[in-house]
Structures are given as structure tokens and as C-alpha cells.
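S.K.: quick one, what's the 3D model for this:
(chains A and B)
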Amino acid sequence: MNADLDQLQDDALMVLFANGEPAAARVLTARLLPRVLNHAARVLGDRAEAEDVAQEAMLRLWRAAAEWQPGGAKPSTWLYRVTANLAVDRLRRSGRAVGLDDSAEPEDDRPGAEEQLVQAGRMAALDAALARLPERQRQAVVLRHIEGLANPEIAEALEISVEAVESLTARGKRALAQALAGQKEALGYDT
Amino acid sequence: MTHKLDDLFAEARGAEMPGDDLVARVLADAADIQAAAAAAPAPSGGGWMAGWLSGVGGWFGAGGLVAATMAGLLIGVYAPDTVDSVLGGQLSNLGLVSQDDLLPGLTYLLPDEGG
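M.R.: You can find the predicted model right below:
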């Protein structure tokens, strides 16, 4: 049954899920949960919190299935939006949010990227560098460069314009490159 | 540095795979939602029209009912011979209409021939 359902698009699986097909939940989970978890982990920089957010986002997806309109928003885009909002809520509640100003520059009084690299490896360093970005920049960079979404899809997920996405990803990538500059040896690259 | 950053992004892609425990929790949530939906009463979408259609056997039944109603109305409005003519004499052939009995039981209303 799963093999047949694997051929279906996400919104068709949502309809099947709403009709009580348990295999649809398994396929959607296999397809979407890794992406949601990865997104939440990079934005939050905390695996346990990311798992909580991913589970909550998937729960909201299940609840939305009964009212889902095939041909409308893609479930993956909808899920990224929910995940982004849940992650931002967590960051703000914990006081870790950098702020909404997308023109803000990374703060200089935080531990340097090199220190993070030495202590906890490349992913931790990336998380540390991402954590220094404003929320919107961080979300846009993760969705564009790690999750591989196209700019229009990011715009829909973050409910901003495509132009704003282009600006956020460009600024964010520059800021990350700056934070990680000169760390080739620590990153483990030969060149 | 940019291409190294891209390498780092690629490495981060899929770096966090969900464990069995998280997958189990997500699927348990899904099962709960499906069970709750199955236990809930079916929506009564369609209102009185849907109920009436269901009662007469759906659209097919409603079509038959309308045809029978129209046939009855036609017979009531037009004289039997007219209907018979429209139907090409089928009623006569079946013995359902007698040409000399167009007004059965009403002859007493006709004026006496003797005045």
C-alpha cells in the first residue's frame, strides 16, 4: 500500500488521511518530518526543542487535513510556515531571539565561530553562526540554502514578498560567510 | 569561502534525521486524530434537500418521481382521448381508454333529449 501511495502528491495524501487511511500518515511523515525537524533544528540550534516543534507542527498538519483544499497551498509550504512560527515563538519565549530587524548585523560580543567549531564541530558552528542572524534572515537562509526551497515558496512560507526573501537570503549568506571566514582548517577543508 | 559555505549547507541538509521515537509519537498523534474523526458524527451537509433525495432513492428516484407526477398531471389536464392521441393510440390499444366512455358517470348531467 505504501508503495502505491508513494506515487501520490502531498495534497492527495492529505485527502486520504482525512478519509482515515493510516498509510497516508506514514508516507507523509516519512516525507515531511525530516524536513521539518531539520528546519527547526537549524533555526533553534537545539535538537530536543526541534523535536517538540516538529511534532507540534505535524500535529497541526493532521488537524488541518479535514479542511484541506487540494490544489491550494502545498502541505510542505504550509508546514514550513507553521514550523517557522513555532520556532520563532520558542526563541522569543526563551529570550534567544535576535530581533526582527533584517538589517541588523551580527553582534560581536558572542562566542566566535572558531571557538564553536573547535568545541562542537561544523554543525554546531553553523548553528552558532545562524543564531547570530535576525530571525527572518535565519529562517530565509535555512529554507533557501539548507532546505532548498525556491524563493516564491519561501515567500509563501514566511508570508513576505519574493524581493524580501532575496534580500534576506543575500544578507544572511554574507553574514554567515563573514562569521565563518578564515575557519577552513577548523571546518576540516583542505583548501 | 562561498563555495565552502555551500558545502556546509549541503552537509546540514538532512543532518537531523528523526529517530524512531519521534516518528512513533507523530504517528500516534495521527492515529488519534483519525480515530477522533471516525468517532465524530458525519456532517449533515446538504440540509433538507439531501435528506429528501435520500428518502426517495437519490437523484435516480427523484427523476422517476418527477416523471410519474408529470404523467399524472398530463392525464388530469388533458382529456383521455387527447392523451391517447399524443401517445399514438397506445392507451386504446391496451384497452385503457374507451372512446365511447369519455365522461363515465357524468351522463346524468347532460340535458334530456326530451327536454
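S.K.: show me which residues of chain A sit near chain B.
M.R.: Within chain A, the positions near chain B by CB under 8 Å from any CB of the partner chain are A:17-18, A:20, A:22, A:25-26, A:29, A:33-34, A:37-38, A:41-42, A:47, A:50-51, A:54-55, A:58-59, A:62-63, A:65-66, A:122-123, A:126, A:145-148, A:173, A:176-177, A:180-181, A:184, A:187, A:189, A:191. Yep, even glycine has a C-beta here, placed from its N, CA and C like the rest.
S.K.: report the contact partners of the residue nearest the centre of chain A.
M.R.: Residue closest to the average C-alpha location in chain A (CA atoms, centre = their mean): A:H39, at 2.6 Å. Counting by CB atoms under 8 Å, 6 or more residues apart in numbering or on different chains, A:H39 makes contact with A:Y80, A:T83, A:A84, A:A87, A:V142, A:L143, A:I146, A:E147.
S.K.: neighbours of A:A87, just the number please.
M.R.: Neighbours of A:A87 under the rule other CB atoms under 10 Å in any protein chain shown: 26.
S.K.: now it: which helix or strand?
M.R.: A:A87 is part of helix A:75-93, with elements assigned from DSSP states H and E.
S.K.: give me the three-state assignment for A:L59.
M.R.: Using DSSP: H, G, I helix; E, B strand; the rest coil, the structure places A:L59 in helix.
S.K.: same check on A:P70?
M.R.: Secondary structure, three-state DSSP: A:P70 is coil.
S.K.: please report how far it lies from A:L32.
M.R.: From A:P70 across to A:L32, the span is 16 Å (CB to CB, to the nearest Å).
S.K.: was I right about A:K173 contacting A:V141?
M.R.: Yes. With contacts counted by CB atoms under 8 Å, A:K173 reaches A:V141, the gap being 6.3 Å.
S.K.: of the two, which one has the most company?
M.R.: Neighbour count, other CB under 10 Å: between A:K173 and A:V141, A:V141 has more, with 26 against 20.
S.K.: before we move on, which element is the more buried one in?
M.R.: For A:V141, the enclosing helix or strand under DSSP H and E is helix A:135-141.
S.K.: go through the contacts of A:H39 and name the one nearest B:D6.
M.R.: A:I146 (10.4 Å; CB to CB).
S.K.: what is the burial count for the residue in chain B that chain A sits nearest to?
M.R.: In chain B, the residue that lies nearest chain A is B:A30 (3.7 Å; CB to the nearest CB). For B:A30, the tally of surrounding residues (other CB under 10 Å) stands at 22.
S.K.: skipping its backbone neighbours, what lies nearest it in space?
M.R.: Using CB to CB, 6 or more residues apart in numbering or on different chains and skipping the chain neighbours, the partner closest in space to B:A30 is A:A25 (3.7 Å).
S.K.: same thing with A:R42?
M.R.: Excluding its sequence neighbours, the residue lying closest to A:R42 (CB to CB, 6+ apart) is A:V142, at 4.6 Å.
S.K.: A:A131 is in contact with the one you found, correct?
M.R.: No. Assessed by CB under 8 Å, A:V142 is found out of contact with A:A131, at 11.4 Å.
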